[in-house]
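Student: Sequence first, predicted coordinates after that:
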Amino acid sequence: MLKNYFSVAFRNLFRNRFSSIINIGGLAVGMSVALLIGLWITDELSFDKYHKNYQRIAQVWEQQTVNGKITTFQVMPRPIGKQLQADYAGDFKYVVMAAIPGENILTSGTEHFTVNGTFMDVDAPTMFSFQMLEGTPKV
């Protein structure tokens, strides 16, 4: 019985080749687009969820209007961190300011080192749940 169904299906496919190609091609394109959209949505919903309290972590951005054009920056002036902690102490447990990624000069006594990277305030390891490879979070 199953063999009969397949023979009838193949016979109809070969008899109507053009419409079969259009139907099968449309089905393949539709399924692949639906799969790609599903993967994209999954990626968007899983972004930045690797910290323990990711629901409570926020980033402050700045908006400026220059010559009638609104521009948004994720770079904030350094004093904003202390002002946020002072004005909204009940809303923020930690306020962590980070340096712009690039070359930074570290000084220890009379020695100077140039290091590439991003440096953050001392509360960063407490707020984020990074795995420490070496050292302690207090360093």
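Tutor: Sure thing, it's come through. Numbers count the residues shown, from 1 in each chain.

Student: so Ile22 sits in a helix?
Tutor: Yes: counting by DSSP: H, G, I helix; E, B strand; the rest coil, Ile22 is part of a helix.

Student: burial measure for it, as a count.
Tutor: 11 (other CB atoms under 10 Å). C-beta here means a position set from N, CA and C on the backbone, and glycine is covered the same way.

Student: Just the local confidence number for it, please.
Tutor: You'll see Ile22 listed with a pLDDT of 93.

Student: would you list every one of the strands in this protein?
Tutor: Secondary structure of the chain by DSSP state E: the strands cover 62-66, 69-73, 102-108, 111-117.

Student: Where among the ones you listed is average confidence lowest?
Tutor: Comparing mean pLDDT across these, the weakest is strand 102-108, with a mean of 85.

Student: Below-threshold pLDDT in this protein: ranges please.
Tutor: 139 (pLDDT under 70).

Student: Find the centremost residue of it, please.
Tutor: Nearest residue to the geometric centre of the chain (CA atoms, centre = their mean): Phe47, 4.3 Å.

Student: how near is that residue to Trp40?
Tutor: To Trp40, Phe47 is 11 Å away according to CB to CB, to the nearest Å.

Student: Could you do Ile57 as well?
Tutor: Ile57 is 23 Å from Trp40, where distance means CB to CB.

Student: Between the two, tell me which one has more neighbours.
Tutor: Neighbour count, other CB under 10 Å: between Ile57 and Trp40, Ile57 has more, with 14 against 10.

Student: if you skip the residues just before and after it, what's nearest to that one?
Tutor: Excluding the flanking residues, the one nearest Ile57 by CB to CB, 6 or more residues apart in numbering is His51, at 6.2 Å.

Student: one step back: let me have the strands of the chain in TSV, adding distance to Asp91 as columns.
Tutor: Shown next, in TSV, are the strands of the chain (distance: least, CB to CB, whole Å):
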stretch	distance to Asp91
strand 62-66	18
strand 69-73	22
strand 102-108	30
strand 111-117	29
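
Student: Nearest to Arg17 among the ones you listed would be which one?
Tutor: Across the strands of the chain, Arg17 has its closest neighbour in strand 69-73 (54.8 Å, CB to CB).
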